[in-house]
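K.L.:
got a structure for you, letters missing:
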Ligand code: SF4
C-alpha cells in the first residue's frame, strides 16, 4: 500500500505537475539573505514563494493581481538581490529562485498590462 507522500508523487508524475515541498518557516532563507534585515522593508524569499504558491492555486488565482501588486512596491520582489543563497540553504529544497523569478515576471506583466484589466 502506498503512503500519502508516494501517492502524491505517483499523481504528480501521472498528471505532469511538480510536487513542491512545504515551507517549515525555519527562516534559514532570511538568515542567509544579504538584503533581508529583520524589521526592514524586504519581505524575503519565503513570503514571495508563498505568494507564488497561492497564485498557482485555482482559488488563490482570483486574488493573484492583488497579491502581485502588494509585492511591487518598496520591499517587494524587485528588492531581491538575486544572490540565490536562499535556495542553497533551504532545508526543504524549495525552488525559491524559481518562485521569485515567476513573481517578478508577474509583477512586470502587471506593471505594463495591468491597467487593461482594471
Ligand atoms: S529556508 Fe525554506 S523552509 Fe526555511 S523559511 Fe525559507 S523557504 Fe521556508
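P.N.:
Received the coordinates, thanks. On a predicted model such as this, the values are computed, not experimentally measured, just so you know.
K.L.:
could I get the buried residue list for the helix or strand hosting residue 102?
P.N.:
Using DSSP states H and E, residue 102 sits in helix 96-117. Buried residues in helix 96-117, counted by 16 or more other Cβ atoms under 10 Å: 96-97, 99-104, 106-107, 110. Just so you know, the C-beta spots here come from the backbone N, C-alpha and C atoms, and that holds for glycine as well.
K.L.:
ok, stretch 61-72 next?
P.N.:
By neighbour count on 16+ other Cβ under 10 Å, the buried set for stretch 61-72 is 64-65, 67-68, 70-72.
K.L.:
what of stretch 4-18?
P.N.:
Neighbour counts over stretch 4-18 (16+ other Cβ under 10 Å) mark no residue as buried.
K.L.:
grab the nearest non-local neighbour of the residue positioned nearest the centre of the chain.
P.N.:
By Cα atoms, centre = their mean, the chain has its centre lying nearest to residue 49, at 1.7 Å. Leaving out its chain neighbours, the residue that sits closest to residue 49 by Cβ to Cβ, 6 or more residues apart in numbering is residue 99, at 4.1 Å.
K.L.:
let me know the pLDDT of residue 10.
P.N.:
We have a pLDDT of 83 for residue 10.
K.L.:
quick one, what contacts it?
P.N.:
By Cβ atoms under 8 Å, 6 or more residues apart in numbering, the residues touching residue 10 are residue 2.
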